[in-house]
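Participant: I'd like to go over a predicted model; first the sequence, then the structure.
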Amino acid sequence: MSRQTRFEIIRDFEAQLVYSRTLFPMGSKGLVLKDGTITPNGQNLQQLLALWGPSIKPGDPAHISYVKILDNHIHFDLNDGTVHREKW
């Protein structure tokens with residue numbers, strides 16, 4: 001992926017308003033979307049929701065606050081994420 005393409009992806013996705021289609025658990029682990037399936041799901045997702053509670057419910061608006069592009073995946077933080085980066 002070229003540097004220009006990376007900048008375009010970050011510019012297009014950052015600061016966008018999206019609507020959730022599933023429950024997002026609180027905590028630092030988050031959800032992984034790979035080949036159309038979301039993990040954790042089923043019983044594992046219910047355990048995380050019972051332990052930490054939901055951070056985003058289906059239909060709730062969420063703000064994409066951070067985009068990080070790595071070699072094999074793209075990482076999105078919604079609503080400022082769980083790890084708050086320090087200001088310089």
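Facilitator: That came through, no problem.

Participant: So for residue 10, what's the pLDDT?
Facilitator: At residue 10, the predicted lDDT confidence score is 89.

Participant: mind listing what's buried in stretch 18-34?
Facilitator: Using 16 or more other C-beta atoms under 10 Å as the test for burial, stretch 18-34 gives 20, 23, 24, 25, 30, 31. Where you see a C-beta, it was placed from the backbone N, CA and C, and this is true even at glycine.

Participant: Out of the residues you listed, which comes closest to residue 82?
Facilitator: For those, the residue nearest residue 82 by C-beta to C-beta is residue 30; the value is 7.7 Å.

Participant: How is the closest one assigned, secondary-structure-wise?
Facilitator: Under the three-state scheme (DSSP: H, G, I helix; E, B strand; the rest coil), the conformation of residue 30 reads as coil.

Participant: That one and residue 7: what is the separation?
Facilitator: When distance is defined by C-beta to C-beta, to the nearest Å, residue 30 is 24 Å away from residue 7.

Participant: if we can go back for a sec, between the buried residues of stretch 18-34, which is closest to residue 48?
Facilitator: Residue 48 lies nearest to residue 25 out of those, by C-beta to C-beta, at 3.9 Å.
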